[in-house]
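[1] What follows is a predicted protein model with its sequence.
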Amino acid sequence: MNKKYAFALVALFSFGVIIAQNTNESKFKQLGQELPTPNVYRTASGAPGPQYYQQKADYTISVELDDENQKITGSERVTYTNNSPDPLNYLWLQLDQNKRAIDSDTRKISKGTIPANPSPRAIERFFYDFDGGFKIERVTNTSGKDLPYTINNTMMRIDLEKPLLKGQKVSFDIKWWYNINDRMKIGGRSGLEYFEEEDNYLYTIAQFFPRMAVYNDVEGWQNKQFLGGGEFAVPFGDYTVNITVPADHVVGSTGKLQNASSVLTSEQRKRWAKAQKSYDTPVMIVTPEEALEAEKTKSAEKKTWTFKATNVRDFAFASSRKFIWDAMAVDINGNNVMAVSYYPKEGNPLWEKYSTRVVAHTIKTYSKHTIDYPYHKAISVHSNRIGMEYPQICFNGGRPEADGTYSSATKHGMISVIIHEVGHNFFPMIINSDERQWTWMDEGLNTFVQYLTEQEWDVDYPSRRGPAYKITDYMKGDKTRISPIMTNSESIIQFGNNAYGKPATALNILRETVMGRDLFDFAFKEYCERWAFKHPSPADLFRTMEDASAVDLDWYWRGWFYTTDHVDVSLNGVKEMEVKLPSPEDISEAREDKKEDYKRHIGYQRNKDVETVVKKDSTMKDFYNSYNPDKPTKKQEEAYAKQEESLTLRQKEILSSGKYAYEAEFENIGGLVMPLILEVTFEDGLTEVLRIPAEVWIKSETKFSKVMVFDKKAVKIELDPFYEMADTDRNNNFWPAEKEESRFEGYKQRRQRGNPMQQNQ
C-alpha cells in the first residue's frame, strides 16, 4: 500500500508507536517461574554461590588392550571425596558400555521397519549378536572385602559400609573386562576400525572404565540411564592410567606421558622436544615411512604407557601401529600448549597438511572467546566416520579417497569436525555442563564458538551452522517434529537442529543483533570464567548473560529456548506523508487527482462527445457551470492564513523542513518477537539502516504501526536486509512488495558436489 497524505499537525507529533492491538505480555514476562530459586549454591546473578560445592573422583587405572581378541581388561581404584553437605549411603557409577549389551534397554526400545527390498546389510542389523557391555568381576574395598553392588542397565550402585560424611573420602576397587565394538559395523562413540588389507586395527577407546556419576545441588545423583543420545555428566578428578598395548603400537592419550624413555625411541624424544619449540610448522614424531614399516609386522611383545592427568573430568586414549604422529607448539598467553595429531596413512594428504594446524587455530580462537586453554596439549586422532570428544583428545573423521584426492565437502567437513571436537575441551570438558540432561549446553555453545573459529580460518568458510538464515527451514517446519531447546537429551526430535543448530544460531543472533559484540563477548567470557571447572546449569548461563550486560533477555530465552515459535515478521504496508501544512492548493491538487481518476472511467470516455441539453441550450447554464470547486475559496484562503499565523516557531520549522514521514505496519506471524532491522533506500540511491529493539513489541505482540521520519523521500524499505533475524518468509519483508525466493536461495552457501580434484587429474 502506498498512499500520499497531507500531513496533519496532530499526526506530526506522534512519532512513537501506534498501538494496533493490545495483547497479553507473556512474551516479555520474566523467567522467574521457569528458573530455579537462587540459593547459597547458585546466586541470582548466575555465579557460584558462597556454599557452592562439587565432588571429586580420583582414579588409578591399569588396562590392557588385547589386539588378538579385541578386548579390554582393566582394574581401577577410585577415591571419592564427598564435598557436599549430605551424608551418602551409596555411590552411583556409569557403565556406558552396557548400552551395547544384547539385553540393554537401548536394544529393547529401538525402532525400525523392514524395507521392501532389504539389502544384506539392512537384514544384518536385525540380528544383533555382539556380546557387548562391562563384565564386572569384582567390587571390593581396599582390603579386598567384597562390597555389595547393584547393576541397573547402564548404572551401578555401590553400597557403602558406612555413610560418607562431608569432607570424607572413600576408596574402592573394581575389576572388569569388555569386548571392543567394531564401530564401522555397529557404531559407537569409541571402538575399533579394522583395515583388512594389512590385517591391522586402529583403536579409539573411551568409556572404557566404570566412571563416577555426578552428585550436585541441582538434582542429587545424575543417574539417568544412558540410552545413547544424552552424553555424560562426569565429576573432575586426577588420573594415573597405565595402558598396556602391543610394543609396536603408538598411544595418544589424555594426560602427560610419564615414561617416555620406556616407550619412545631416543629419536622420537628428540623430535618431541623439537616440536615444543616449533610454533609455525608441525614436527613429525613418527614419520609416514616409520608408520608404514610398523604396519608390515606385528610385535608379540607388549609395552605399558603411563599417563597422569590433573583436574580432568574423563579419560580416553587411541592406539595403533598405523599411527603417524606430528605436533607443534601454541603460545596461549605465555603458556606453551602442544597441538598434536595421530593419523593412519589413509588420512593423508589431508591430515598431514591440516589437522595439527587446525588444532592450534582452535585452541587459540576458543581461548580468545572463552578462557585460556589450561591443559598442556590438545590431540586430534583420525578415525573414519566419527567425531567424539574427551579431555585433551578427540576422534575425528574426514578421509580422502584412496588416490589422495578429496572433495571440498570432505576437506571442510574434516576441518569443521576437528574444530568442533577440539572445541569440546572447553564445552563441556572444562565448563562442565550436564550433557545427560542438557545436550545444547555443550553442543550448542560449542557449535557457536566453532562458527566463530571457522570464520577466522578462511574467508567465506562454508559453515553449516551459525548464521541466522541457515536455521529458517527447520524453524518453520512441522511443529509436531520440533521440540523446544529446553528438552531432555533423550527426548529431542531432530537432534542436530535442536541441540546444535538452533542454540548456536540463537547465540549468534544475540551477539550480532540483540546485544552487540562488545556486550555479548564480555558477558559470555564472564560466564566461561565463572564456571570453568564447575558444573553450570542453564539458569547460570541465562542469569550471567543478563547480569554482565544489563540487557533484559528473559523474552529471548523464553522465545528461543522454551518454545517452538519461529520468526516471521511481515511489513504489511507503508503510508507515505510529506511533512507540511496542507494549503488550499494541496486540497485542489488532491481533488484534481480524483477527477483525473474519474476521467479514466469507460463511461466518461464514451459519453464525453454526447450532445447534451446544456450543450444545445446555453440558457440552461448558471453559476455552477462556471464555478471550479477545485480552486480554494476566499474563506479557505483566509482560514489557511489564520492557521499559519497560529503556528509556533518550532512548528513552522518542522513544517518547512521538507521531511517525509512513513507509517509502517508490522505483524508478528511466527510468534517469536525479535528486534526489527530496516534498510531504507532513498530517491538519491543512498540507504539508512534502522535498528529497533525487540521491546517495541511490548503491549503489542501481534501487530503495531510505527512512524519514521526522514530527510529524503524513501522509495524502498526492506526488513531484515542482512539475514540476521532468522525470518522464515522474506517475501513479506518489502515495501513496495516484491518476491525473493530465488534471490534468497541463491544467497545460501552450498558445498561443492563430487570430487573436482579427482576429476581434473
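    Thanks, I have it.
[2] Relative to residue 56, how far out is residue 239?
    Remark: distance between residue 239 and residue 56 (Cβ to Cβ, to the nearest Å) = 12 Å. Quick note: C-beta positions are derived from backbone N, CA and C, even for glycine.
[3] Counting neighbours, go ahead and name the busier of these two.
    residue 239 (23 against 16; other Cβ atoms under 10 Å).
[4] Need the three-state assignment for the more buried one.
    Reducing the assignment at residue 239 to three states with DSSP: H, G, I helix; E, B strand; the rest coil gives strand.
[5] Now do it against residue 181, distance only.
    Distance, residue 239 to residue 181, by Cβ to Cβ: 23 Å.
[6] next one: residue 174
    On the measure of Cβ to Cβ, residue 174 and residue 181 end up 21 Å apart.
[7] Who has more neighbours out of these two?
    Shown here are residue 174 and residue 181; by other Cβ under 10 Å, residue 174 has more neighbours (23 against 20).
[8] bridging residues for the more buried one?
    residue 76, residue 139 (DSSP bridges).
[9] mind listing what it touches?
    Applying Cβ atoms under 8 Å, 6 or more residues apart in numbering to residue 174 gives the contacts 75, 76, 78, 136, 138, 139, 209, 210.
[10] Contact partners for residue 674?
    Residue 674 is in contact with 509, 513, 567, 569, 694, 725, 726, counting by Cβ under 8 Å, 6+ apart.
[11] Could you pull up phi and psi at residue 128?
    phi -80, psi 120 (degrees, to the nearest 10).
[12] now the strands for the stretch 1-150 of the chain?
    Here the stretch 1-150 of the chain has its strands, by DSSP state E, counting those that start in this stretch, at 4-6, 17-19, 56-66, 71-81, 88-94, 135-141, 149-152.
[13] name the helices or strands packed onto the fifth one?
    Packed against strand 88-94 by the contact rule (3 or more Cβ pairs under 8 Å, 6 or more residues apart in numbering; DSSP states H and E) you find strand 155-164, strand 211-212.
[14] Just want the angle from that strand to strand 71-81.
    Orientation check (axes from the mean of the first three to the mean of the last three Cα atoms, to 10 degrees): strand 88-94 against strand 71-81 gives 150 degrees.
[15] And the third one, by the same measure?
    Orientation check (the same axes, to 10 degrees): strand 56-66 against strand 71-81 gives 170 degrees.
[16] Just the buried residues of strand 56-66, please?
    56, 57, 58, 59, 60, 61, 62, 63, 64, 65 (16 or more other Cβ atoms under 10 Å).
[17] between those, which is nearest residue 302?
    Set against residue 302, the nearest of the buried residues of strand 56-66 by Cβ to Cβ is residue 64 (7.8 Å).
[18] which non-adjacent residue is nearest the closest one?
    residue 244 (4.2 Å; Cβ to Cβ, 6 or more residues apart in numbering).
[19] For the one you found, name its beta-bridge partners.
    Beta-bridge partners for residue 244, by DSSP bridges, are residue 64, residue 304.
[20] show me the contacts for it.
    Here residue 244 is in contact with 62, 63, 64, 65, 302, 303, 304, 305 (criterion: Cβ under 8 Å, 6+ apart).
[21] what do you get for residue 708?
    15, 661, 662, 664, 678, 680, 690.
[22] how about the one helix or strand it maps to as CSV, C-alpha atoms only?
    For residue 708, the element it lies in under DSSP states H and E is strand 703-710. Provided in CSV are the C-alpha atoms of strand 703-710 (Å, rounded to 0.1, in the frame of the first residue of the first chain):
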residue,chain,number,x,y,z
LYS,A,703,0.7,-6.1,15.3
PHE,A,704,1.6,-2.4,15.6
SER,A,705,2.4,0.6,13.5
LYS,A,706,5.5,2.9,13.8
VAL,A,707,6.1,6.3,12.3
MET,A,708,9.5,7.1,10.9
VAL,A,709,10.7,10.5,9.7
PHE,A,710,13.4,11.0,7.1
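[23] quick one: the most centrally placed residue in the chain from residue 532, how far?
    The centre of the chain sits closest to residue 504, judged by Cα atoms, centre = their mean, with a distance of 2.2 Å. Per Cβ to Cβ, residue 504 is found 21 Å from residue 532.
[24] go on, residue 433?
    Counting by Cβ to Cβ - residue 433 and residue 532 are separated by 12 Å.
[25] more crowded one of those two?
    Per other Cβ under 10 Å, whichever of residue 433 and residue 532 has more neighbours is residue 433, with 24 against 16.
[26] Do I have it right that the more buried one meets residue 539?
    No. Using Cβ atoms under 8 Å, residue 433 makes no contact with residue 539, being 11.6 Å away.
[27] Dihedrals phi and psi, residue 512?
    The phi and psi torsions at residue 512 (degrees, to the nearest 10) take the values phi -90, psi -30.
[28] If we ignore the residues flanking it in sequence, what's nearest it?
    Using Cβ to Cβ, 6+ apart, the closest residue to residue 512 is residue 724 (5.7 Å).
[29] tell me the pLDDT at residue 592?
    Per-residue confidence (pLDDT) for residue 592: 58.
[30] Next SSE downstream of the longest helix seen in the chain?
    When the chain is parsed with DSSP state H, its longest helix is helix 350-369. Remark: after helix 350-369, the chain's next helix or strand is strand 377-382, criterion DSSP H and E.
[31] Against which helices or strands is that following strand packed?
    Judged by 3+ Cβ pairs under 8 Å, 6+ apart, strand 377-382 is in contact with strand 250-253, strand 335-343, helix 350-369, strand 393-396, helix 408-423.
[32] wait, which of those is closest to residue 31?
    Minimum separation from residue 31 across these (Cβ to Cβ) falls at helix 350-369, 25.3 Å.
[33] The closest one - contacts with which helices or strands?
    Right, helix 350-369 is packed against strand 324-332, strand 335-343, strand 377-382, helix 408-423, helix 439-455, helix 517-531 by 3+ Cβ pairs under 8 Å, 6+ apart.
[34] let's see 6 Å
    strand 324-332, strand 335-343, strand 377-382, helix 408-423, helix 439-455 (3 or more Cβ pairs under 6 Å, 6 or more residues apart in numbering; DSSP states H and E).
[35] Make a markdown table out of those and add mean neighbour count, mean pLDDT and distance to residue 198.
    Output for the helices and strands packed on helix 350-369, formatted as a markdown table (neighbours: other Cβ atoms under 10 Å; pLDDT from 0 to 100; distance: least, Cβ to Cβ, whole Å):
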| stretch | mean neighbour count | mean pLDDT | distance to residue 198 |
| --- | --- | --- | --- |
| strand 324-332 | 21 | 98 | 15 |
| strand 335-343 | 24 | 98 | 16 |
| strand 377-382 | 28 | 98 | 17 |
| helix 408-423 | 23 | 97 | 23 |
| helix 439-455 | 25 | 97 | 35 |
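[36] closest to residue 371 out of those?
    Taking Cβ to Cβ, strand 324-332 is the member of these nearest to residue 371, at 10.0 Å.
[37] Show residues contacting that closest one.
    250, 275-276, 278-279, 282, 284-286, 288, 291, 336-343, 356, 360, 363, 367, 372-373 (Cβ atoms under 6 Å, 6 or more residues apart in numbering).
[38] circling back to that earlier point, now the residue nearest to the centre of the chain, what's its secondary structure?
    Per three-state DSSP, residue 504 ends up helix.
[39] Having no further points to raise, I will conclude here.
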